[in-house]
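Peer 1: Dropping the sequence and predicted coords here.
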Amino acid sequence: LNDKIQGLIKTYHTPVLVLGRKEEEKDSDCIYVDDFTIGKIAAQRFIQKGLKHPLVITEAMEITCSYDRYSGFKSEYEKLGITPKLIANKLGCKLRIEKHLLDIYKEEQIDSVFCFNDQLAFETLYVVEKNGLKTPSVIGVDNIQQEMFFPKRLTTVGWDKQDLAQR
């Protein structure tokens, strides 16, 4: 939480619950999923399929859940002596997937892409198809498909959001 919001919370003694992310502020409670394990699950799926040229597309590494997802994913591949390629957003900027993805495809063989969320995964598939690139296996996170219809299905790591909200 930024300093201005923290100041308001302290001034008005407002209870805060952050849902979906670890919060480092001592006066804030949070409920979140195990992002490290989410990364491991995605990597294990790719590894089981024999995929050895992974790319991770994620939000800024300063965001705890982004860092944890990448770390879990990387930990599984490092057991095989493989370090995944990484496209990470810069804090406060909009990630330009197309440029970064095309640059990596020019230089690297990519057979799998793990995305921070389903939105980035769908955007990745769009860019790959639009540019006539070989379609990699793609895994997103969040399972937004359970809430709305999409014309394509996506492999995703999700959780029971109702259960998380109840907790």
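Peer 2: Nice, I can see it.
Peer 1: Would you agree Val138 falls within a strand?
Peer 2: Yes - per DSSP: H, G, I helix; E, B strand; the rest coil, Val138 lies within a strand segment.
Peer 1: That one touches Thr156, doesn't it?
Peer 2: No - between Val138 and Thr156 there is no contact, the gap being 9.3 Å when judged by CB atoms under 8 Å. Backbone N, C-alpha and C define where each C-beta goes, glycine included.
Peer 1: okay, the two: which has more neighbours?
Peer 2: Of the pair Val138 and Thr156, Val138 is the one with more neighbours under other CB atoms under 10 Å, namely 23 against 19.
Peer 1: now that one, which residues is it bridged with?
Peer 2: Beta-bridge pairing of Val138 under DSSP bridges involves Val113.
Peer 1: what touches both of Val138 and Thr156?
Peer 2: Counting by CB atoms under 8 Å, 6 or more residues apart in numbering, the contacts common to Val138 and Thr156 are Ala121.
Peer 1: tell me, how many neighbours does the closest residue to Asn131 other than its chain neighbours end up with?
Peer 2: Nearest-residue entry for Asn131: Leu102, 6.4 Å, with adjacent residues in sequence omitted and distances by CB to CB, 6 or more residues apart in numbering. For Leu102, the neighbour count with other CB under 10 Å is 13.
Peer 1: likewise Gly50?
Peer 2: If you count neighbours by other CB under 10 Å, Gly50 ends up with 8.
Peer 1: Which secondary structure element is home to it?
Peer 2: Here Gly50, judged by DSSP states H and E, is contained in no helix and no strand.
Peer 1: need the helix or strand of the protein with the lowest average pLDDT.
Peer 2: strand 17-19 (a mean of 69; mean pLDDT, DSSP states H and E).
Peer 1: Past it, which element shows up next along the chain?
Peer 2: Following strand 17-19 in sequence order, the next helix or strand is strand 29-31 (DSSP H and E).
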